[in-house]
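S.K.: sequence and predicted structure below; questions after.
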Amino acid sequence: LMRSINSSTAGDFSLAGVMLVGDSGVGKTCLLVRFKDGAFLAGSFISTVGIDFRNKVMTIDAVKVKLQIWDTAGQERFRSVTHAYYRDAHALLLLYDVTNKASFDNIRAWLTEIHEYAQQDVVVMLLGNKADSTHDRLVKREEGEKLAKEFGVPFMETSAKSGLNVELAFTAVAKELKHRTMKEPDEPKFQLQEYVDKEMRTVGCCRS
Ligand SMILES: Nc1nc2c(ncn2[C@@H]2O[C@H](COP(=O)(O)OP(=O)(O)OP(=O)(O)O)[C@@H](O)[C@H]2O)c(=O)[nH]1
């Protein structure tokens with residue numbers, strides 16, 4: 001991962017490192033596959049070993065932003081591997097599974113870990129994944145919102161299965177990082193949560 005976002009003077013390219021973190025089985029790999037390939041691979045669950053990455057170029061306000069997305073292993077035994085990568089990440093997508101209460105309860109511990117290992121200015125966004133699972137849901141959207149507010153991080157629910165908000169999550173992070181590197185002097189600060197809420201209202205989804 002490149003720590004300093006590279007931006008050319010022409011202002012048309014920047015490289016950003018985004019890391020997916022959260023308990024094993026919350027859907028990090030599926031979220032990345034959905035974003036990268038637009039697909040959801042149903043079937044057996046293959047845990048990520050160590051760390052894996054994929055690149056995707058997004059066009060944000062006519063600027064090309066290359067996201068280097070790191071998919072980490074949620075399993076405890078790989079923690080020391082992922083710790084080493086935190087320092088270089090510009091953004092972290094922190095996932096829990098709305099059908100798994102323990103994965104939600106562990107978010108506090110994940111945030112403590114992020115605080116310990118990541119850069120102070122890292123962009124963190126909390127994602128409640130598997131929002132398509134209406135019957136098995138154990139964590140309400142409001143609970144996710146409340147926790148996110150407590151820690152001052154933006155939040156939304158996603159589904160790697162249906163594709164709900166997947167593009168939006170990555171776009172929001174890319175926009176935030178693009179603004180940070182290429183902000184005009186009089187341009188106001190990018191408001192990530194406001195952007196997300198506005199986009200969700202426009203799409204007309206996901207808010208009851
Ligand atoms: N219903 C539903 N199932 C999902 C979703 N995302 C992932 N899954 C399922 O959850 C299981 C785990 O998904 P992974 O993406 O492999 O989980 P992970 O977080 O990468 O797990 P580790 O690599 O062990 O850290 C798989 O069986 C997926 O099919 C989702 O949005 N909705």
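M.R.: Structure's in. What do you need?
S.K.: what residues does the helix or strand hosting residue 202 touch?
M.R.: Per DSSP states H and E, residue 202 falls inside helix 192-203. The contact list for helix 192-203, computed with CB atoms under 8 Å, 6 or more residues apart in numbering, reads 123, 125, 154-156, 165, 168, 172-173, 175-176, 206-207. C-beta coordinates here come from the backbone N, C-alpha and C atoms, glycine included.
S.K.: just send those back as a markdown table, with distance to residue 68, pLDDT and secondary structure too.
M.R.: Shown next, in a markdown table, are the contacts of helix 192-203 (distance: CB to CB, whole Å; pLDDT from 0 to 100; DSSP: H, G, I helix; E, B strand; the rest coil):
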| residue | distance to residue 68 | pLDDT | secondary structure |
| --- | --- | --- | --- |
| 123 | 14 | 96 | strand |
| 125 | 17 | 98 | strand |
| 154 | 21 | 96 | coil |
| 155 | 24 | 97 | strand |
| 156 | 22 | 96 | strand |
| 165 | 21 | 96 | coil |
| 168 | 19 | 96 | helix |
| 172 | 17 | 96 | helix |
| 173 | 12 | 95 | helix |
| 175 | 17 | 94 | helix |
| 176 | 16 | 94 | helix |
| 206 | 28 | 52 | coil |
| 207 | 32 | 46 | coil |
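S.K.: may I see the ChimeraX selection of the buried members of the residues you listed?
M.R.: This is how ChimeraX selects the buried members of these, with burial counted by 16 or more other CB atoms under 10 Å:
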select :123,125,154,155,156,165,168,172,173,175,176,206
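S.K.: which of the contacts of helix 192-203 sits closest to residue 66?
M.R.: When the contacts of helix 192-203 are compared for distance to residue 66 (CB to CB), residue 173 comes out closest, at 13.0 Å.
S.K.: wait, the closest one touches residue 127, no?
M.R.: No - counting by CB atoms under 8 Å, residue 173 stays clear of residue 127, with 10.4 Å between them.
S.K.: so what sits against both of the two?
M.R.: Shared contacts of residue 173 and residue 127, counting by CB under 8 Å, 6+ apart, come down to residue 93.
S.K.: nearest to residue 148, of the contacts of helix 192-203?
M.R.: Nearest to residue 148 out of these is residue 155 (CB to CB; 3.4 Å).
S.K.: can you name the residues bridging to that closest one?
M.R.: residue 126 (DSSP bridges).
S.K.: the strands in this structure, which residues?
M.R.: For the chain, the strands defined by DSSP state E cover 13-21, 51-60, 63-72, 91-97, 123-129, 155-157.
S.K.: quick check: pLDDT value at the spatially most central residue of the chain.
M.R.: Centroid check for the chain by CA atoms, centre = their mean gives residue 93 as the closest residue, at 2.4 Å. For residue 93, the pLDDT comes out at 98.
S.K.: got the residues of the chain near the ligand?
M.R.: Applying CB under 6 Å from any ligand atom, we find that the chain lies next to the ligand at 24-30, 42, 45, 47-48, 73-75, 129-130, 132-133, 159-161.
S.K.: can I get the buried part of these as one PyMOL selection?
M.R.: PyMOL command restricting these to the buried ones, with burial defined by 16+ other CB under 10 Å:
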select buried, resi 24+25+26+27+28+29+30+48+73+74+129+130+132+133+159+160+161
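S.K.: that's all I had, so thanks and see you.
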